[in-house]
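compute the structure for the input listed below.
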Amino acid sequence: MLGRWLLDFWRGYVVLSVNGARVPELINRATASGIMFWEIRQTQEDTFRLRMHRDDVKRLRHILRETGTRIHFERKLGLPFLAWRAWRRKFFLAGALTFLISFYVLTSMVWNVEVVGDLKRVSPETVQEVAKEVGLHRWAWKDKLPDTDILQGQLLDKMPELAFVGVKVQGTKVTIQAVDKIPGTTPQPTDPQNIVSTKHSTIKEIFVHKGKAAVVRGQVVQVGQVLINGSLNNGTKNVHATGMVKAETWYRTDLEVPLEAQSKVYTGNAVEKHFLTFWGHPVQIWGYGQIPFQEMETHNDDKALTIGSFTFPIQYRHALYQESQTEKTTLTEAEAVELAQAFAKADVLTQLGKNGTVESQNVLRRELKDGKLEIRILNKAIEDIGRPQSFTPQAPAEPDAKTKQ
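Numbering: from 1, shown residues only. Here you go, the predicted model:
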């Protein structure tokens, strides 16, 4: 199939509208003489639309005269027609090609490297010199630069005086953000705190980093209950309690799932067009012809020419027109339940922390009503329920004085 399309594209072909009372006779006589037609469709009583190769049109003329049939060219497709259009616009295309090459070269290079940050231990000039050693300098090709993560690591390795280096590539400008390293170590927090429960739940796992566990596995806890205690030895020692407490929690989700739905899907057919925009006004430079789609989605990719902080009022636009069609989907009740469970799980996961999981789901109620499935789902989750809570240490109680004899 692809080979046939490539051959037709190479030879060039036309889309014709053929009108007359003897169109079937014309098609039969032309086919007998070796002229090939394809995609023949009758559009009206005496009108047919068909496709044929460009170089067979001359051979068709005498049959047209003999049968009294008229033709109308709707579209001309293929390489010969593209070459003819390009030749008619050769000077414009040459200028556009020169512009695109210049545009690509200019936007593919680094024009400016700027160092920002309140630096005291290292000068911005030193940072630029070190950046030059790792290949980050003016006139460097952006495509040949390593990823920004790699550049940041290389700069930190060469400048241990810095605590942080961030590299941001924006157009033709590269910004290096540097932060001085402060001598000494960061002190750990020492203010007394407990870890308390945020939800009514059942304890599953306890991981204590500092402090003492105040609950056990299987215990039901209430909101605000202490899980990890920062007060030790009857209050004689107070610490900054840390750790993780995983517990079993429950989430109820109510949903309505329509059994019939319409959605847009792409067919895989697409048409590309290329433009230059001057002050917001597009001028087409390639991809001529009508778009044969009734339903479609348009995606524009604009590339601006920027030098430093200045942006030229000229842009290159690549427009992609993707054919779409509306599909109607009908779900069974079982499929709707499965879809509702997936929605419910996704909704619960957004409410859980990064270590939370959905363990199981139970359908509490479901009912078909007005073409929709009304469903209530109970989701069992495992999540970290702890949160820090500071407290003020209390003076330990003094032991009772001995009774004097």
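
just checking, what packs against the strand or helix carrying I150?
I150 belongs to helix 148-158 when assigned by DSSP states H and E. Other helices and strands packing on helix 148-158, by 3 or more C-beta pairs under 8 Å, 6 or more residues apart in numbering; DSSP states H and E, are helix 124-133, strand 162-170. For the C-beta atoms, the positions are set from N, CA and C on the backbone; glycine is no exception.

and the angle for the first one with helix 148-158?
With axes from the mean of the first three to the mean of the last three C-alpha atoms, to 10 degrees as the basis, helix 124-133 and helix 148-158 are set at 120 degrees to each other.

and the helix holding I150, what's its mean pLDDT?
For helix 148-158, mean pLDDT rounds to 86.

go on, stretch 361-373?
The pLDDT scores in stretch 361-373 average 94.

likewise stretch 110-117?
90.

strand partners (parallel or antiparallel) of the strand ranked longest in the chain?
As assigned by DSSP state E, the longest strand anywhere in the chain is strand 310-330. Neighbouring strands of strand 310-330 in its sheet, by DSSP bridges, are strand 260-278 (antiparallel), strand 296-307 (antiparallel).

check which element follows the first one along the chain.
The helix or strand immediately downstream of strand 260-278 is strand 281-286, counting by DSSP H and E.

show me what that next one is packed against.
helix 90-107, strand 260-278.

then that strand to PDB, C-alphas only?
Only the C-alpha atoms of strand 281-286 are listed here, as PDB (Å, rounded to 0.1, in the frame of the first residue of the first chain):
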ATOM      1  CA  HIS A 281       0.100  37.800  10.600                       C
ATOM      2  CA  PRO A 282       0.900  34.300   9.100                       C
ATOM      3  CA  VAL A 283       2.200  33.900   5.500                       C
ATOM      4  CA  GLN A 284       2.200  30.300   4.200                       C
ATOM      5  CA  ILE A 285       5.500  29.100   2.700                       C
ATOM      6  CA  TRP A 286       4.900  25.400   2.300                       C
END
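
which outside residues touch the host helix or strand of V358?
Per DSSP H and E: V358 is located in strand 357-369. Applying C-beta atoms under 8 Å, 6 or more residues apart in numbering, the contact partners of strand 357-369 are 248, 252, 259, 333, 337, 341, 344-345, 348-349, 352, 373-383.

buried ones in that strand?
Buried positions in strand 357-369, judged by neighbour count with 16 or more other C-beta atoms under 10 Å: V358, Q361, R366.

what do you get for stretch 126-146?
Result for stretch 126-146 [16+ other C-beta under 10 Å]: buried residues T126, V127, Q128, V130, A131, V134, L136, A140, L145.

spatially central residue for this structure, please.
By C-alpha atoms, centre = their mean, the mean C-alpha position of the chain lies nearest to H299, the distance being 13.8 Å.

spit out the contact partners of it.
Each residue near H299 by C-beta under 8 Å, 6+ apart is listed here: A319, L320, Q322.

if I read this right, the second one contacts E272, doesn't it?
Yep, that's L320 we're talking about. Yes: L320 lies in contact with E272 (C-beta atoms under 8 Å); the separation is 5.7 Å.

out of these two, which sits in the busier spot?
In this view L320 and E272 are compared by other C-beta atoms under 10 Å, and L320 has more residues nearby, 14 against 10.
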